[in-house]
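# I need the structure of the sequence given here:
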Amino acid sequence: MKPTLNPYLLFNGECKEAMEFYKSVLGGELTMSTFGESGMPASEEEKDQIIHARLENDALTFMASDSGHGGPVKFGDNVNLSISGSDKDKLTEWFNKLAEGGKVGMPLAKQFWGDTFGMLTDKFGAHWMVNITSNSQS
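Predicted coordinates:
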């Protein structure tokens, strides 16, 4: 699997509604899962919020989630650049280079869905997510 760059939108509890709207406009396949379905601890208020959504059509792919216990989303902080792929060495290198002079919010680490994932804000203030898939395709 080649590395890809996808927008990742964050919402304050309206992710499901927003992604259904985008699907109605753009078509494609929409998948969503809630905090409650993930097995992660979630309050009664958070359990039906979206932990991950993905909309994909022939031309584009983008993802989204509700902020959950990450706190309220502030304007300007609601878009992340998400890089996904299976080339662990390359993606780890990119993560580390993007982090230089910036701030790592979540170090690269194995996650409950099986992949390695991390988040950072680069020295210019851009927010990045890096997901290294657990499959061995390149």
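
# N131 pairs with what?
Counting by DSSP bridges, N131 is bridged to S84, F117.

# G13 versus that one, what's the distance?
Computed with Cβ to Cβ, to the nearest Å, the distance linking N131 and G13 is 23 Å. From N, CA and C alone the C-beta is placed, and that goes for glycine too.

# what's the answer for V104, then?
For V104 relative to G13 (Cβ to Cβ), the value is 27 Å.

# and if you look at L108?
28 Å.

# center of the protein, which residue is that?
In the chain, the centroid-proximal residue (Cα atoms, centre = their mean) is Y8; its distance is 5.3 Å.

# check which helix or strand that one maps to.
Using DSSP states H and E, the element containing Y8 is strand 4-11.

# can you check the pLDDT for F11?
pLDDT recorded at F11 is 90.

# the nearest residue to it once chain neighbours are set aside - how many residues pack around it?
Of all residues not flanking F11 in the chain, D66 sits nearest, at 5.2 Å (Cβ to Cβ, 6 or more residues apart in numbering). Around D66 there are 23 other residues, counting by other Cβ atoms under 10 Å.

# is it true that D66 touches G13?
Yes - between D66 and G13 there is a contact under Cβ atoms under 8 Å: 5.4 Å.

# now do the shared contacts for the two.
Q49 (Cβ atoms under 8 Å, 6 or more residues apart in numbering).

# give me the below-cutoff pLDDT ranges for the protein.
Along the chain, the model assigns pLDDT under 70 to residues 69, 136-138.

# distance check, the residue nearest to F11 against E17.
D66 is 10 Å from E17, by Cβ to Cβ.

# go on, A126?
A126 is 26 Å from E17, by Cβ to Cβ.
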